[in-house]
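Q: Pasted the sequence and its predicted model underneath.
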Amino acid sequence: MTKRRDLNLKDEFGISQRRYRELYYFCQQYHEWHDELKFNTDSVKSPIITDMPHGGEMSDSTCNLAMRRVELSNRCKLVEQTAIEADVEIYQYILKNVANDGVGYTYLRHVMGIPCGKDKFYNARRKFFYLLDKKK
């Protein structure tokens, strides 16, 4: 696998290399969030028994799970909606690229049949990171 190069968004959008990496790694967690939403549905858990004393506060596991699921859902929607705003015609390819390491334009072209050229795709991806930076 080739090493992924960082996008240079400093001149055009004012996004530093470190901020780009933060946004990139945020997007790389998309599938983890999606899987947790899909599989983490059980709020009934037995208490952890230790010999250490616990405070008197009660925990509501159903509420905690609901709050976590809302947080994960919002993150997924943020990435998805930003991809749609970047380019509604190729948003699914943008999402595939930003959420998966090693899925570059060549893969999108030859395996997935992306219906546009490199320039349009790369411009849409830069716009995606610009919009995500503004939202996050």
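A: Yep, it's here.
Q: which residues of the chain score low on pLDDT?
A: Per-residue confidence for the chain (pLDDT under 70) gives these ranges: 1-6, 43-59.
Q: Quick test: name the residue nearest the centre of it.
A: Centroid-nearest residue in the chain, with Cα atoms, centre = their mean: residue 27, separated by 2.7 Å.
Q: which residue sits closest to that one, ignoring its sequence neighbours?
A: Spatial nearest neighbour of residue 27, chain neighbours left out: residue 98 (4.2 Å); criterion: Cβ to Cβ, 6 or more residues apart in numbering. All C-beta spots, glycine's among them, are computed from the backbone N, C-alpha and C.
Q: Please identify the helix or strand for the one you found.
A: helix 91-99 (DSSP states H and E).
Q: in the next helix-or-strand element following that helix, what's buried?
A: Using DSSP H and E, the helix or strand that follows helix 91-99 in sequence is helix 105-110. By 16 or more other Cβ atoms under 10 Å, the buried positions in helix 105-110 come out as 105, 108, 109.
Q: Take these and write them to a markdown table, including distance to residue 18.
A: Formatted as a markdown table, those follow (distance: Cβ to Cβ, whole Å):
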| residue | distance to residue 18 |
| --- | --- |
| 105 | 24 |
| 108 | 27 |
| 109 | 30 |
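Q: Out of those residues, which is nearest to residue 83?
A: residue 108 (13.1 Å; Cβ to Cβ).
Q: Give me the neighbour count for the closest residue to that closest one other than its chain neighbours.
A: Once flanking residues are discounted, residue 108 sits nearest to residue 114: 4.2 Å by Cβ to Cβ, 6+ apart. For residue 114, the count of nearby residues is 21 (other Cβ atoms under 10 Å).
Q: Residue 42 too?
A: Around residue 42 there are 8 residues (other Cβ under 10 Å).
Q: Identify the residue spatially nearest to it, adjacent ones excluded.
A: residue 65 (7.9 Å).
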